[in-house]
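> my questions concern the predicted model and sequence given below.
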Amino acid sequence: MNSTDLLAEGLSLMLLGMGTVFVFLIILVFATSTMSTLVRRYVPENPPVPVKSGPGGQLNDQRVLAVISAAIHAHRNK
Amino acid sequence: MNSTDLLAEGLSLMLLGMGTVFVFLIILVFATSTMSTLVRRYVPENPPVPVKSGPGGQLNDQRVLAVISAAIHAHRNK
Amino acid sequence: MNSTDLLAEGLSLMLLGMGTVFVFLIILVFATSTMSTLVRRYVPENPPVPVKSGPGGQLNDQRVLAVISAAIHAHRNK
Amino acid sequence: MDSLIQLYRDSGFYQLEAGQAVMVLVGLLLIFLAIRKGFEPLLLLPIGVGAVLVNVPGAGFLAAPIMDAGGHLASPGGILYYIYEAGIATGMFPLVIFMGVGAMTDFGPLLANPRTLLLGAAAQFGIFSTVMGAIALSSLGLMDFSLADAAAIGIIGGADGPTAIFVASRLAPDLLGAIAVAAYSYMALVPLIQPPIMRWLTTEAERKIVMQQLRTVSRTEKIMFPLLLLILVALFLPSAAPLLGMFCFGNLMRESGVVERLSDTAQNALINITTIFLGLGVGSKLSSGAFLNAETLGILVLGVIAFSIGTASGVLMAKLMNRFSGHPINPLIGAAGVSAVPMAARVANKVGLEANPQNFLLMHAMGPNVAGVIGSAVAAGVMISYVSGIGG
Amino acid sequence: MDSLIQLYRDSGFYQLEAGQAVMVLVGLLLIFLAIRKGFEPLLLLPIGVGAVLVNVPGAGFLAAPIMDAGGHLASPGGILYYIYEAGIATGMFPLVIFMGVGAMTDFGPLLANPRTLLLGAAAQFGIFSTVMGAIALSSLGLMDFSLADAAAIGIIGGADGPTAIFVASRLAPDLLGAIAVAAYSYMALVPLIQPPIMRWLTTEAERKIVMQQLRTVSRTEKIMFPLLLLILVALFLPSAAPLLGMFCFGNLMRESGVVERLSDTAQNALINITTIFLGLGVGSKLSSGAFLNAETLGILVLGVIAFSIGTASGVLMAKLMNRFSGHPINPLIGAAGVSAVPMAARVANKVGLEANPQNFLLMHAMGPNVAGVIGSAVAAGVMISYVSGIGG
Amino acid sequence: MDSLIQLYRDSGFYQLEAGQAVMVLVGLLLIFLAIRKGFEPLLLLPIGVGAVLVNVPGAGFLAAPIMDAGGHLASPGGILYYIYEAGIATGMFPLVIFMGVGAMTDFGPLLANPRTLLLGAAAQFGIFSTVMGAIALSSLGLMDFSLADAAAIGIIGGADGPTAIFVASRLAPDLLGAIAVAAYSYMALVPLIQPPIMRWLTTEAERKIVMQQLRTVSRTEKIMFPLLLLILVALFLPSAAPLLGMFCFGNLMRESGVVERLSDTAQNALINITTIFLGLGVGSKLSSGAFLNAETLGILVLGVIAFSIGTASGVLMAKLMNRFSGHPINPLIGAAGVSAVPMAARVANKVGLEANPQNFLLMHAMGPNVAGVIGSAVAAGVMISYVSGIGG
Ligand code: NA
Ligand code: NA
Ligand code: NA
């Protein structure tokens, strides 16, 4: 396309783009505020679900605990 | 295929399937029992091989040990 | 190719290969020595950059620290 | 301005059909069940997100890549397209997950009491009776299931996720979404579905049965078992070799003790990565066209029937075995034969404790529980080879 | 001996063109910046290595595989070819990394003060003004950028790596290397680029503004936010769904608390593996032909302009908001709206402390900071749909 | 009933040929060696399982996917087919593993005593003398090896797994299985193969030689070395760039200290995942047709010869160097030049301790040990470029 068309396209992309960004994020501001209001009013905050650590987690924990007890033991025998 | 064929096929699949599952798992029962008997008779139980922790393992252990010693040290200076 | 050609090709591959390996590694010896000399003369050894542990690292550390404090606490209360 | 119209045309409002809107809600429901109700969240959360994404109009998550005449990439495909084609259509993801499950499985309880394999066999009756049920619905003209569809639906009764996805991807890709959702949902509902059936089919006395302490199993036995299973599969059931082969491989990595780092990776990084993408890929099959129809309703109904019959078969098999054996089996552990590891074993333990607070059945139930995994993999092999044999 | 000649012909000396030599030096420069200057090393180190490798004459890192008549592999392709085609041309790598970024993102500060989303919106003006700049250069005949090129260059102003790579891979693959290098370099230079602009546009008094303590945000809100964003994207902006969908998925895995192991993997093993290959793949676009030309110079200049305008827009938006609002906003946090998480937020905090050593803005700046990520993803969606809509 | 016949036809018994049965036993032998004898279990365990699976008759682990006329997937391929084609035929897996090995390698001892690079060079004589041996066998009509085959067999003498697999996948895919098995088996046998040769070629006095303490090497030197090597490869040996480039990349991630998380992943999750699949893929080449023939016997014999000659060359080179150098080298560390990291270095240390219980050679032997990795990668590059140059 020739340069004037290109400039026109660029301009319209700019307007459209910034417009969309602002409109979308403004909608998001209102949606988020509403959501927060509703949640804080109607949802009693429950204690966070205990983390389900997978086998790996367990394995790490076991390893950590092993090392710990070893350390404590070594320390006690100082 | 028409519905009677379909029913016939389904029935034969059912018989074949359950038959295979049972035959195979019965074979597995006997094979497993035999294996266990042989193993328990002829293989003296050796202590489990020490876990070869890869470089990562070592790295973690190092990190853990570093934290440990730090903790112990902090604790001793209480 | 017939067997004499094959032998010839093998021989030339052998000469070329060992030649290349030696030439390249000899160059590497000199390059490495030079590099080391320059580095040791001009680059003052700076303390190693502190390891940037990613989120995972942090997470592990947190878990480790939690376990530690638990362990220390348990130990103190012995 | 054309461009505004263009953007409007792109926007969801313009394109959103009722069906897609409903499917987005279905996806959100799955996410809700995963997070708030703890329904198999590892799978149902990604599946739910995948279902939402694939139903975003105009986002092209399932678009296939377009090549120009020169064979160069003119327009790239959508991420869910690549995930599904590379991981699920090929069967890679379910097999890799099955390998990881093998690396997480301890066959000790099964080896201590191999008879319990039979409970895992009996429970697979849920699979095949459901196949018949699906066929009956077709014969009555209520639904339109082919033999392949019926087989894929039946596997829900196997109560094993990767097996169900593997079979469905081969026999009935269009039903994959509904089948996977049913399989995982009912696995999560095992604590609701099984206990009534278990109580109905057993007497108080039977539920009180205390089983003898399991013997300790040597490391050598644990290493030999996956090899033994592998060889038997190779000899007798090649059609089950992909699933059970990978399963045995994973278990061998675990028990051998010499490839600890590979076993760790198979149980963690690798299975987690695969699970994330498997979930998204399965969710991508939850398009309105494929999901919002009578067949899905049929699949959901047949699925719960499959679980129930499987549970009943396991319990009844245990009672039958008690007729012929000196060492009594608490029939409750028969229900664990449907697999749904480890949920079904926990349920057996819980119902057992109600009858006798001193009677811990968990370890005893783990035997039939893992046997159920083998059983459904065998059933899967038979069905795949049978259906493809007659050109389903 | 022919073979010696053969080897000599293979050797770099014979084949090395000036351009390749220069690009090897460019690769080494990136590696130097990554290691010694700490410029986004996670990306620039692999990118630098990829740049060196792809410019090794005769090594064929980018060679496409050759099939014989029978469709069998006659000669395998180069590793960088496979990495680029499988991971970047498809868009997989940037999307997977975006998922991981989502799993690392805490929307708490944003939820505590949603207004700051507007700062993230304003900062995207850097993107579109740069698009105009690129077009102006074309119109003046100084450069030759198509609208697609201009859009891809503008996204540098988004100050978000995966977004820039995703857009460039779709709109201007030839410029991908230069765009990615510019994006990551300027993100590393944020502490140098932003402060002068921030000081120039604000008064001492404004920089001293103390903002009110952020409220604590409940776990439920944190779970609802990614779902809300996902739904709004589905309704209003399908073209942004790939990026924001994966981002929300990652964040949902993080906040749901029920798929801890998937979240861990998405934040560690998976994003690390993808980063290694993404870096190499991006580096493979740094061939002399694609990089050593006037366009690259233009891209570098336009990139820093994009960052500067984005920073200024964020600051000015904050000042504008203070006109209409009771709760004053410290305009410095507006600069964090460009994203470049978390660097830009740290910069806002640092400049704030210079004016008032008691005034810690970090948490307040994290809101616009993550808002900037959403903002640039939205902008990316608009540009992709607009350009492909008019056949760029 | 047809279906029963169908199932019988499917079953192993009907289809199992003697060859497949033997190969299953070979696979089980590899698994036994891996678990009970500790033969390179990380590779030989997956290879053994792959060998068993690929020889399950009718399981179709190597089946290629079948597309219908419309280009849609009619029947999916087997998992081993996908693994081999995607990871080994492309060269991706060996290169990714080489990257991980680079990230695990400490060049400190080599940098402290660069002369030991020559020991790593000399030991590669095992490679090329074995090439001649293979050619001789062909010329005598005992075997039928092409030049490409001979080169691929010779690389066994490189005592480096990924290098051997990379070369074999390019020059002699049909021999890949046997070559990989030989390479890893002999690496495991290094403690048996090397000591007699080492003692035979050295005097008690030579084995007692105490080497001077290695100087400490600065972090900067460790960072510069992979860059230096990368540049020299780019200039002089492009054909070795894929292997050495990835190797240097891995080592640079390790030493740079700024991409710790990438280095960790390259050394753990990524290399483990790749190893699992590489092993299965290599095992898939252990079909009876490809393995049960005279050539395999020849490969096994030539392989052990290659190791022996490589060991001898390293030792003799060390003795030669002592003629011209003030700082004496204990010739035992020359044997470590074959690579087989770190086994060969441990062997040198052990044999040294027998002669002088105070003389710890391990660190001194690590230099030639890692030099051997570079040496065999260089040899691999030469052979690939030479053979493809003359159209092997
Ligand atoms: Na089951
Ligand atoms: Na941004
Ligand atoms: Na070597």
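Yes, it's here. Numbers count the residues shown, from 1 in each chain, chains lettered A, B, ... in the order given. Ligands and ions are numbered 1, 2, ... in the order given.

> just give the closest residue to D:Ala63, not the sequence neighbours.
Distances taken as CB to CB, 6 or more residues apart in numbering or on different chains put D:Gly78 closest to D:Ala63, at 4.4 Å, once the chain neighbours are dropped. No exception for glycine: its C-beta is placed from N, CA and C like everyone else's.

> ditto for D:Gly141
B:Ser3 (8.0 Å).

> next, the contact list for that neighbour, please.
Taking CB atoms under 8 Å, 6 or more residues apart in numbering or on different chains, we find B:Ser3 in contact with D:Ser138, D:Ser139, D:Gly141.

> as CSV, those residues with distance to D:Ile384, pLDDT and neighbour count would be great.
Output for the contacts of B:Ser3, formatted as CSV (distance: CB to CB, whole Å; pLDDT from 0 to 100; neighbours: other CB atoms under 10 Å in any protein chain shown):
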residue, distance to D:Ile384, pLDDT, neighbour count
D:Ser138, 20, 90, 21
D:Ser139, 23, 89, 17
D:Gly141, 27, 86, 8
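
> about what we covered before: so what pLDDT did the residue nearest to D:Gly141 get?
We have a pLDDT of 71 for B:Ser3.

> please report how far it lies from F:Ser169.
Distance, B:Ser3 to F:Ser169, by CB to CB, to the nearest Å: 53 Å.

> and for D:Ser218?
The gap separating D:Ser218 from F:Ser169 is 40 Å, by CB to CB.

> likewise D:Phe93?
The gap separating D:Phe93 from F:Ser169 is 25 Å, by CB to CB.

> among the contacts of B:Ser3, which lie within helices?
Per DSSP state H, helices hold the following members of the contacts of B:Ser3: D:Ser138, D:Ser139.

> with the contacts of B:Ser3 in mind, which one is nearest to E:Ser385?
Nearest to E:Ser385 among the contacts of B:Ser3, counting by CB to CB, is D:Ser138 at 43.9 Å.

> excluding chain neighbours, what is closest to that closest one?
Nearest one to D:Ser138, counting by CB to CB, 6+ apart, is D:Phe145 at 4.6 Å.

> quick one: neighbours of D:Gly38, just the number.
Counted by other CB atoms under 10 Å in any protein chain shown, the residues lying close to D:Gly38 total 13.

> grab the nearest non-local neighbour of it.
E:Val258 (6.4 Å).

> does that neighbour count as helix, strand or coil?
Classification of E:Val258 using DSSP: H, G, I helix; E, B strand; the rest coil returns coil.

> and the gap between it and D:Ile165?
Per CB to CB, E:Val258 is found 21 Å from D:Ile165.

> neighbour count for those two, which is higher?
With neighbours defined as other CB under 10 Å, E:Val258 and D:Ile165 compare such that D:Ile165 has more, 28 against 23.

> show me the contacts for the more buried one.
Counted by CB under 8 Å, 6+ apart, D:Ile165 has contacts D:Ile88, D:Phe93, D:Pro94, D:Leu176, D:Ile179, D:Ala180, D:Ala183, D:Leu278, D:Val282.

> strands along chain D, start to end?
Remark: strands assigned in chain D by DSSP state E are D:66-67, D:73-75.

> the first one packs against which elements?
Using 3 or more CB pairs under 8 Å, 6 or more residues apart in numbering or on different chains; DSSP states H and E as the contact definition, the elements that strand D:66-67 packs against are strand D:73-75.

> sheet partners, orientation included, of the strand it packs on?
strand D:66-67 (antiparallel) (DSSP bridges).

> contacts for the partner strand, please.
Outside of strand D:66-67, the residues within contact range by CB under 8 Å, 6+ apart are D:Leu73, D:Ala74, D:Ser75.

> return the distance of that strand from the chain's centre.
Relative to its chain's centre, strand D:66-67 lies at 35 Å (CA atoms, centre = their mean, to the nearest Å).

> and it, average pLDDT?
The predicted model assigns strand D:66-67 a mean pLDDT of 87.

> can you pull the residues of the stretch 51-200 of chain D lying near ligand 1?
Contacts of the stretch 51-200 of chain D with ligand 1, taken as CB under 5 Å from the ion, map to D:Gly158, D:Ala159, D:Asp160.

> switch these over to TSV; also include pLDDT, neighbour count and distance to B:Thr32.
As requested, these are exported to TSV (pLDDT from 0 to 100; neighbours: other CB atoms under 10 Å in any protein chain shown; distance: CB to CB, whole Å):
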residue	pLDDT	neighbour count	distance to B:Thr32
D:Gly158	89	32	21
D:Ala159	90	34	22
D:Asp160	92	30	20
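
> out of those residues, who's nearest chain F?
Distance to chain F, by CB to the nearest CB, is smallest for D:Asp160 among those, at 17.9 Å.

> does the closest one touch D:Ala340 like I think?
Yes. Applying CB atoms under 8 Å as the test, D:Asp160 and D:Ala340 come out as touching, 7.5 Å apart.

> identify the contacts common to these two.
D:Gly372.

> what's the neighbour count on D:Gly326?
Neighbour tally, D:Gly326, other CB under 10 Å: 5.

> among the contacts of D:Ile165, who's most crowded?
When the contacts of D:Ile165 are compared by neighbour count (other CB under 10 Å), D:Val282 ends up highest, at 33 neighbours.

> give the contact list for it.
By CB under 8 Å, 6+ apart, the neighbours of D:Val282 are D:Leu43, D:Pro46, D:Ile47, D:Gly50, D:Ile88, D:Ile165, D:Leu176, D:Gly177, D:Ala180, D:Val181.

> can you put these in TSV and add pLDDT?
Output for the contacts of D:Val282, formatted as TSV (pLDDT from 0 to 100):
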residue	pLDDT
D:Leu43	93
D:Pro46	96
D:Ile47	95
D:Gly50	95
D:Ile88	93
D:Ile165	95
D:Leu176	92
D:Gly177	89
D:Ala180	92
D:Val181	90
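
> tell me the contacts of whichever residue of the stretch 51-200 of chain D sits closest to ligand 3?
Residue of the stretch 51-200 of chain D nearest ligand 3, by CB to the ion: D:Met99 (32.0 Å). D:Met99 is in contact with D:Met246, D:Phe247, D:Phe249, D:Gly250, D:Ala266, D:Ile271, F:Ile276, counting by CB under 8 Å, 6+ apart.

> go again using 7 Å as the cut-off
If you count contacts by CB atoms under 7 Å, 6 or more residues apart in numbering or on different chains, D:Met99 has them with D:Met246, D:Phe247, D:Phe249, D:Gly250, D:Ala266.

> of the residues you listed, which pair is most distant in space?
The largest separation in the contacts of D:Met99, counting by CB to CB, is between D:Phe247 and D:Ala266 at 11.3 Å.

> pLDDT below threshold where in chain A?
A:1, A:45-78 (pLDDT under 70).

> buried residues of the longest helix that it contains, list them for me.
In chain A, assigned by DSSP H, the helix with the most residues is helix A:3-42. Buried positions in helix A:3-42, judged by neighbour count with 16 or more other CB atoms under 10 Å in any protein chain shown: A:6-7, A:9-10, A:12-14, A:16-18, A:20-22, A:24-25, A:28-29, A:31-32, A:35-36, A:39.

> what sits against the residue in chain D that chain C sits nearest to?
Nearest to chain C, among the residues of chain D, is D:Ala269, at 10.9 Å (CB to the nearest CB). Applying CB under 7 Å, 6+ apart, we find D:Ala269 in contact with E:Thr265, E:Ala269, F:Ala269, F:Ile273.
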